[in-house]
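K.L.:
dropping a prediction and its sequence here:
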Amino acid sequence: MNSHDELARCLQRNRISRRQVLWLLGAGALSGCASSPTGGGAILVGMSEDEEKRVDQQVAPQQFSQDFGPVQDAAINNYLTTVGQRLDAKAHRPQMPYSYRVLNANYVNAYTFPGGAMGVTRGILIDLDNEAELAALLGHELGHVNARHAAQRQGQSMVAQVAIAGANIAAAGTGFGSLVDIGSQLGASVLLSSYSRDNEREADELGQEYMVRAGYPASGMIGLQQLLVDQQKESPGMLQTMFSTHPMSSERRDTAKKLAESKYAATNTRDPGQERFMDNTASLRRLKPTIEACQKGETAMAGKAYGKAEEQFRFALKATPRDYSANLLMAKCLSIQDKDAQALEYARTASRIYPQEAQAHKMVGVLALAQRDPASAYTSLDQYDRLMPGDASITFLKGVSLEGMGKRQEAAKEYTSYLRRSNKGQAAEYSYSRLKNWGYLK
Ligand SMILES: [Zn+2]
């Protein structure tokens, strides 16, 4: 796949021994060297473009669901998409299947998957001042996709692993099989773990370039970086994720400022689109007291101050009784305090607000089971399974519910299916003992 010259150049750039790379290529774990879409240099990538797209399809829906799903407000999602498309048309990889949604999560963040599936939390959106800052935020995420940072990180972690494995293989005298195992293990590695500082710098630079190409003033990037610096000072608790994925804000702000005042100086008379931004995000801004109370509540929960957290969620729900996120957070907070019956009420409300969102159904299922209502638990768990297939723990819990309903044969089916996917831990032991007691296993 790689010409001799390309491989040699790539090895040199990435300081990897030829033998290590050949191992990885042989094991099918490494896609090899590619030319960087943004710079023309050779980069080492652990995913092909098709794999990047596949990762989005497989992993992104789970993560978006964890973040309470997209806001059910077509107008605001369309607005975000319009701004995103204005930018991605000017990016280095316009062919990628970019998609944009505002998430119901309250914490301050935005992220992207390697194929371009992006999420922007409502928590950060209410803090932005104009469309140019939003363009800076989306431009930064586009920068990660276009420079193929996730694919590069995957490539590097494979090389790091193979260096260790190489020693083990030499010591154990085993052969090629171990490498194939390593390849498959790495496939599951966390995609949203932090990027390197160099990756962040590059994403900023590309983001500012894209926003300028799309007609925005370069100063939007300064506004965005300043917001992050301020947030870090004001409420560091709320921002763990943002700053583990996007560190070193003041340096980044200064760089953005330097570029806006030199290379892009001519763009700063452009309209930052404040009025347009305010009009299009007005519905979300009306929820600001609710979102901020949820932020405080989540911070209190992280600090195990559950009474204080409950107070915040109560405030949020008084302002917006039908807020999906606030109802689910309240359910979670009450459940931690062993107030399961009350928790179940809030989880049920959440599941009725957004029946197409998975997490509330899971919560209802688990809480109903704890309340010894296996039939209603089963209905909710099954609903979750349909919306978000592939979660082994749900299979187990469906088994428990069916057992509680006296449906032994159907329960055995779920336990068997669970054991096929997981054979360690308490749930596996329980499944096994049931199947054995019932005579399905000898
Ligand atoms: Zn970033």
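P.N.:
Looks like it arrived, so ask away.

K.L.:
so what's Lys263 up against?
P.N.:
For Lys263, the contact set (C-beta atoms under 8 Å, 6 or more residues apart in numbering) comprises Ala218. C-beta coordinates here come from the backbone N, C-alpha and C atoms, glycine included.

K.L.:
which of the three states applies to it?
P.N.:
The local conformation at Lys263, judged by DSSP: H, G, I helix; E, B strand; the rest coil, is coil.

K.L.:
give me the phi and psi angles of the nearest residue to Arg276 once chain neighbours are set aside.
P.N.:
Using C-beta to C-beta, 6 or more residues apart in numbering and skipping the chain neighbours, the partner closest in space to Arg276 is Glu131 (5.6 Å). Note on Glu131: its backbone torsions stand at phi -70, psi -30 [degrees, to the nearest 10].

K.L.:
burial measure for Glu131, as a count.
P.N.:
Glu131 has 25 neighbours, counted by other C-beta atoms under 10 Å.

K.L.:
show me the contacts for Thr38.
P.N.:
92, 146-147, 202, 206 are the contacts of Thr38 under C-beta under 8 Å, 6+ apart.

K.L.:
kindly state the pLDDT recorded for it?
P.N.:
We have a pLDDT of 81 for Thr38.

K.L.:
looking at this, it is in a helix?
P.N.:
No - going by three-state DSSP, the assignment for Thr38 is coil, not a helix.

K.L.:
quick one: it from Tyr216, how far?
P.N.:
According to C-beta to C-beta, to the nearest Å, Thr38 and Tyr216 sit 19 Å apart.

K.L.:
likewise Glu51?
P.N.:
Here the criterion is C-beta to C-beta. By it, Glu51 lies 32 Å from Tyr216.

K.L.:
got the residues of the stretch 301-442 of the chain near the ion?
P.N.:
Remark: no part of the stretch 301-442 of the chain is in contact with the ion, using C-beta under 5 Å from the ion.

K.L.:
where does the stretch 301-442 of the chain get nearest to the ion, residue-wise?
P.N.:
Taking C-beta to the ion, the ion has its nearest neighbour within the stretch 301-442 of the chain at Ala302, 22.4 Å off.

K.L.:
tally of neighbours for that residue?
P.N.:
12.

K.L.:
over to Asp204?
P.N.:
Asp204 has 24 neighbouring residues, counting by other C-beta under 10 Å.

K.L.:
how about the one 5 residues further on?
P.N.:
Other residues lying near Glu209 total 23 when counted by other C-beta under 10 Å.

K.L.:
secondary structure element for it?
P.N.:
Per DSSP states H and E: Glu209 is located in helix 197-213.

K.L.:
avg pLDDT for that helix?
P.N.:
94.

K.L.:
quick one: residues in contact with it.
P.N.:
38, 87-88, 90-92, 132, 135-144, 146-147, 149, 152-153, 195, 218, 220-221, 225, 246-248, 252, 255-256, 259-260, 264, 267.

K.L.:
taking those, please make a ChimeraX selection of just the buried ones.
P.N.:
A single ChimeraX command selects the buried members of these (16 or more other C-beta atoms under 10 Å):
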select :38,87,88,90,91,92,132,135,136,137,138,139,140,141,142,143,144,146,147,149,152,153,195,218,220,221,225,246,252,255,256,259,260,264,267
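
K.L.:
how near is Asp338 to Ala370?
P.N.:
9 Å.

K.L.:
to clarify, my last question referred to Ser433.
P.N.:
Look at Ser433 and Ala370: by C-beta to C-beta, they are 21 Å apart.

K.L.:
next: Ile124.
P.N.:
For Ile124 relative to Ala370 (C-beta to C-beta), the value is 35 Å.

K.L.:
cool, Ala256 as well?
P.N.:
Noted for Ala256: a distance of 50 Å to Ala370, by C-beta to C-beta.

K.L.:
and Ala34, by the same measure?
P.N.:
In this view, Ala34 and Ala370 are 50 Å apart by C-beta to C-beta.

K.L.:
higher neighbour count, the two?
P.N.:
Ranked by neighbour count (other C-beta under 10 Å), Ala34 and Ala370 place Ala34 first, with 21 against 15.
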